[in-house]
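In: Got a predicted structure plus its sequence, pasted below:
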Amino acid sequence: MATIYDVEPSEFIEQVAQDLKKIEEIKPPVWATYVKTGRHRERPPAKEDWWYTRAASVLRKVYKLGPIGTSKLRRHYGGKPNLGVRPEHTFKGSGNIIRKVLQQLEKAGFLRNETKALRKGRVVTPKGKSFLDKIASKLTKGRYVAKKKEPVKVEKKTEKPIKKEPLPKKPVEKESKIEEPKKEQPKPKKPEAPRPESKKLSNESEKGLEKSKTFQKGVKAPEKKVKDK
């Protein structure tokens, strides 16, 4: 048979809440419509039937963590308020709601008080355990239940030796004779034409050349004497 550990918590709690509505002992009080579930909450719950959802959640917690009391359950349903820029603080959930839910579940026969190894609190009765297990088995009916995975045996494949086929022989090409490039013979030089002989300069031009050479060397040219009139 399936248990609560084989089902998703959210789906399981919704189904348990629907079945708790059929029980007469579990009913929300008059003040449940406008009360908050804790100091850390800003508004009351939006759902109208939130009391049955809380009762289903508490019954599941006691099934897992029992024996457990009101003070420890308050920690599970507590939280942090939105204080803006101020530092956050954790507050416990409402103790009055949890206490009333536990009393109603005890009247229905799902819980009882018990002490185990210095732990005192409420524990699920056989009636409550069978009630929860039946709902879990209905949810898992026709679905895949996780089982232990068996080790998969891997068969070793024997590989056959691959025969290598000989590669086809390439046709041998005949060696082609490489013709060496012909060396170009030097072209014969043309005979230079005789230069024309330079014409002899006149006496006046020779004197002018001498003056320019002496001027370049920094030697002053001889001044002409001017005759006094």
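Out: It's in.

In: Mind jotting down where the strands sit in the chain?
Out: 111-116, 119-124 (DSSP state E).

In: Please identify the most buried of those strands.
Out: Across these, averaging neighbours per residue (mean count of other C-beta atoms under 10 Å) puts strand 119-124 on top, at a mean of 18. To be clear about C-beta, it is placed using only N, CA and C from the backbone, and glycine gets the same treatment.

In: any chance you could read off phi and psi for residue 117?
Out: phi 50, psi 60 (degrees, to the nearest 10).

In: What's the local residue count around it?
Out: Neighbours of residue 117 under the rule other C-beta atoms under 10 Å: 5.

In: Low-confidence ranges, the protein, go.
Out: 142-157, 159, 172-182, 193-229 (pLDDT under 70).

In: Can you list the residue ranges for helices in this structure?
Out: 9-20, 50-65, 70-76, 95-108, 126-140, 203-216 (DSSP state H).

In: and the residue nearest to the spatial centre of the chain, how far is that from residue 18?
Out: Central residue of the chain (C-alpha atoms, centre = their mean): residue 8, 26.4 Å from the mean position. Noted for residue 8: a distance of 16 Å to residue 18, by C-beta to C-beta, to the nearest Å.

In: do residue 30 as well
Out: From residue 30 to residue 18 the distance is 23 Å (C-beta to C-beta).

In: Residue 164 too?
Out: 73 Å.

In: end to end, how far does stretch 21-33 reach?
Out: 16 Å (C-alpha to C-alpha, to the nearest Å).

In: This completes my enquiry, with thanks.
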